[in-house]
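Undergrad: A structural model of the following input is requested.
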Amino acid sequence: MEGDGGDAATVVAPLAKWRNDFSRAFQYYLDRSTPHPTERWLGTLAVAAIYVLRAYFVQGYYIVSYGLGIYILNLLIGFLSPKVDPEVEVSDGASLPTKGSDEFKPFIRRLPEFKFWYAITKAFCVAFLMTFFSVFDVPVFWPILLCYWIVLFVLTMKRQIMHMIKYKYVPFSIGKQRYGRKKPGASSSGLMRD
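TA: Alright, predicted model coming up:
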């Protein structure tokens, strides 16, 4: 009887090693992609296009697409929301400025860009895999789902934009602020030399 337990351990050990090696390699490439947001989002766009083409050509899986849309809307709300909501929580100095005289505090997202990208990419991959199983192809009248999702999107975005206006924050930054070049005739101290 003791020999049977040893055989199971020898089968599981290489599987665990392979899983550990795969996890490390995956994390390595994920870490290397961090400083390249444009390339990451282009990859996600390609994955989304593949999913859309698959859903279009099989003419089904509308429930999967609807669930994917709701999940992405939920992620978008987290991406556009501040980490500390001034409406709900009073914090110890980590809140958004609400008056013009308040000190500037940077906008910190509830869901950072990298996690937002990673979750959307995983969602499209999972939805793509779900289109290969007929159990997820529930017959529904898709225009009603589409209309309901559009209404949900509009109402949610309206609420989010009203929240942004009320608490005066913008969740986007174009990049580092650039200042104009110094004029060649102007001196830094403002004093003239003889």
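
Undergrad: could you measure from residue 117 over to residue 38?
TA: 11 Å (CB to CB, to the nearest Å). (C-beta placed from N, C-alpha, C; glycine too.)

Undergrad: can you check residue 45 too?
TA: 10 Å.

Undergrad: which one's more surrounded, these two?
TA: residue 45 (12 against 7; other CB atoms under 10 Å).

Undergrad: quick one: classify the more buried one as helix, strand or coil.
TA: Look at residue 45: counting by DSSP: H, G, I helix; E, B strand; the rest coil, its state is helix.

Undergrad: who are the contact partners of it?
TA: Residue 45 is in contact with no residue at all, counting by CB atoms under 8 Å, 6 or more residues apart in numbering.

Undergrad: again with residue 119
TA: If you count contacts by CB under 8 Å, 6+ apart, then residue 119 has 75, 111 around it.

Undergrad: repeat the analysis, applying 7 Å as the threshold.
TA: Shown in contact with residue 119 (CB atoms under 7 Å, 6 or more residues apart in numbering): residue 75.

Undergrad: so which helix or strand takes in it?
TA: Following DSSP states H and E, one finds residue 119 within helix 113-130.

Undergrad: CA atoms only for that helix - export them in CSV, please.
TA: These are the backbone C-alpha positions of helix 113-130, laid out as CSV (Å, rounded to 0.1, in the frame of the first residue of the first chain):
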residue,chain,number,x,y,z
GLU,A,113,-4.2,51.1,-15.4
PHE,A,114,-2.1,47.9,-15.4
LYS,A,115,-4.7,45.9,-13.4
PHE,A,116,-7.5,47.4,-15.6
TRP,A,117,-5.6,46.2,-18.7
TYR,A,118,-4.9,42.8,-17.3
ALA,A,119,-8.5,42.2,-16.2
ILE,A,120,-9.9,43.2,-19.6
THR,A,121,-7.4,41.0,-21.4
LYS,A,122,-8.3,38.0,-19.2
ALA,A,123,-12.0,38.7,-19.7
PHE,A,124,-11.7,38.6,-23.5
CYS,A,125,-9.6,35.4,-23.3
VAL,A,126,-12.1,33.7,-21.0
ALA,A,127,-15.1,34.9,-23.1
PHE,A,128,-13.3,33.6,-26.2
LEU,A,129,-12.8,30.1,-24.6
MET,A,130,-16.5,30.1,-23.5
